[in-house]
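J.: Need a 3D model of the following:
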Amino acid sequence: MHRNAVRADPAPRSATFVPKKLVHKTNSAEVLLTDWQRIRANAFIISAHWPTTHSFYTTGHSPVDPLLLTETIRQMFPLLCHTAYDVPFDHHLLWEHYRYELASHATQITDRSGPLNLHVECRETVRRGTRLAALSLAVTVVRHDVPLATADTRFTVQPPAVYRRLRAGRSDAALAAPTPAQSCPIAPRDIGRRTRGDIVLSPSDDPLRWGLRIDTAHPILFDHPLDHAPGILLLEAARQATQALTPTRPMTAMAMENTFSRYVEYDTPCWVEARPLPSDPLGRDRVAVTLTQDGTEHYATTVTLTPTPALPHDAPQGSWAPFRPAVTTAP
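T.: Numbering: from 1, shown residues only. Below you'll find the model as predicted:
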């Protein structure tokens, strides 16, 4: 049974979160953004607040979960679209590209809780007539006045009629949703997870290949009905695949370069394949991960990894203590 997502440490009484509708969530406990302001025509500062613990966004290895970072960035897409660019709520936001990189000190942090700011610059604004058609964003995530991560992304904005044409009869989320995943998951201990319900991979005869487990009953990955697998699930599959290559050596996904080329559908098997790459110039491990359906690539990423330092013995999993670096390294 899935655990419900609950903030273990509520935000300070003075903090309020943006309405859940603005970030496309149905569970208000999953809203991470607290405020936004425009500082120039196409530049913004968005405030967020991270919980100390979370039922899903902690691997038991990494203090800073890159998927929590990604979800924070993802929530700013609809927030900006609906508040700053007048995009109607029935329009669809479709990911094309997403890259993030954590600062080198991120693996040393033992307290993620509390506020942070996202400094956002819209580097490309595409319009079709008067409506917004696409945005390219550059993001710097700052925590306690120290850069924590950088990211850039591009997504398109499609009105309902265009989206229905793109989906070619698959746009009804209620009809498309499958039953919860029945395939056997890989062992949670091999990828730093605590429960079988959070495993999105099933084993195959090939140690570098897994089946994608799609469980639409998962309360975090499927906060609301969707007609295709969400991007955050694809990133989690890639993250789990890279960790499965070194089950006894906890790793942090310091960077990911993601390309979303096709929708991952529910009604045909999706295969997750990992291939080690040469190290990057800093000596960090790199792995290429692809997701394919019917022999066609739907998603691809390159993951850059570093060994995860052990958490202090007195720090519970998911619980963090203030980070006071002797030397601050910008991303």
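
J.: Can you give me the neighbour number for residue 70?
T.: Residue 70: 24 surrounding residues under other C-beta atoms under 10 Å. (Glycine included, C-beta is placed from N, CA and C.)

J.: Tell me which helix or strand it sits in.
T.: Assigned by DSSP states H and E, residue 70 falls within helix 66-84.

J.: Tell me where the stretch 201-331 of the chain has strands.
T.: Taking DSSP state E, counting those that start in this stretch to define them, one finds strands in the stretch 201-331 of the chain at 201-203, 209-212, 251-260, 270-277, 285-293, 296-307.

J.: who does the fourth one pair up with?
T.: Meaning strand 270-277. Here strand 270-277 has these sheet partners by DSSP bridges: strand 209-212 (antiparallel), strand 285-293 (antiparallel).

J.: try the longest one
T.: The strands beside strand 296-307 in its sheet (DSSP bridges) come out as strand 251-260 (antiparallel), strand 285-293 (antiparallel).

J.: Am I right that residue 147 falls within a strand?
T.: Yes - applying DSSP: H, G, I helix; E, B strand; the rest coil, one finds residue 147 inside a strand.

J.: That one contacts residue 102, correct?
T.: No - using C-beta atoms under 8 Å, residue 147 makes no contact with residue 102, being 9.9 Å away.

J.: With neighbour numbers in mind, choose between these two.
T.: residue 102 (26 against 18).

J.: so where do the helices sit in the chain?
T.: For the chain, applying DSSP state H gives helices covering 66-84, 160-167, 173-176, 231-244.

J.: quick one: buried residues of the second one?
T.: Meaning helix 160-167. For helix 160-167, the neighbour count (16 or more other C-beta atoms under 10 Å) marks 163, 167 as buried.

J.: what residues does that helix touch?
T.: Helix 160-167 is contacted by residues 90-92, 158, 171, 227-228, 263 when judged by C-beta atoms under 8 Å, 6 or more residues apart in numbering.

J.: for stretch 67-80, same thing?
T.: Applying C-beta under 8 Å, 6+ apart, the contact partners of stretch 67-80 are 18, 22-25, 31-33, 36, 44, 46, 48, 50, 54, 57-58, 87, 93, 98, 100, 102, 112, 116, 118, 120, 122, 135, 137, 139, 141, 148-149, 151, 153, 155, 231-232, 235-236, 239.

J.: try stretch 113-127
T.: 9, 15, 34, 42-52, 72-73, 76, 80, 85, 132-144, 148, 152, 154, 156, 320.

J.: Pull the distance from that stretch to the chain's centre.
T.: In this view, stretch 113-127 has its centroid 15 Å away from the chain centroid, taken as C-alpha atoms, centre = their mean, to the nearest Å.

J.: Stretch 201-217 now?
T.: Here the centre of stretch 201-217 is set off from its chain's centre by 19 Å, with C-alpha atoms, centre = their mean.

J.: picking that back up, of all the strands paired with strand 270-277, which one is nearest residue 65?
T.: The closest of the strands paired with strand 270-277 to residue 65 is strand 285-293. By C-beta to C-beta, the value is 17.7 Å.
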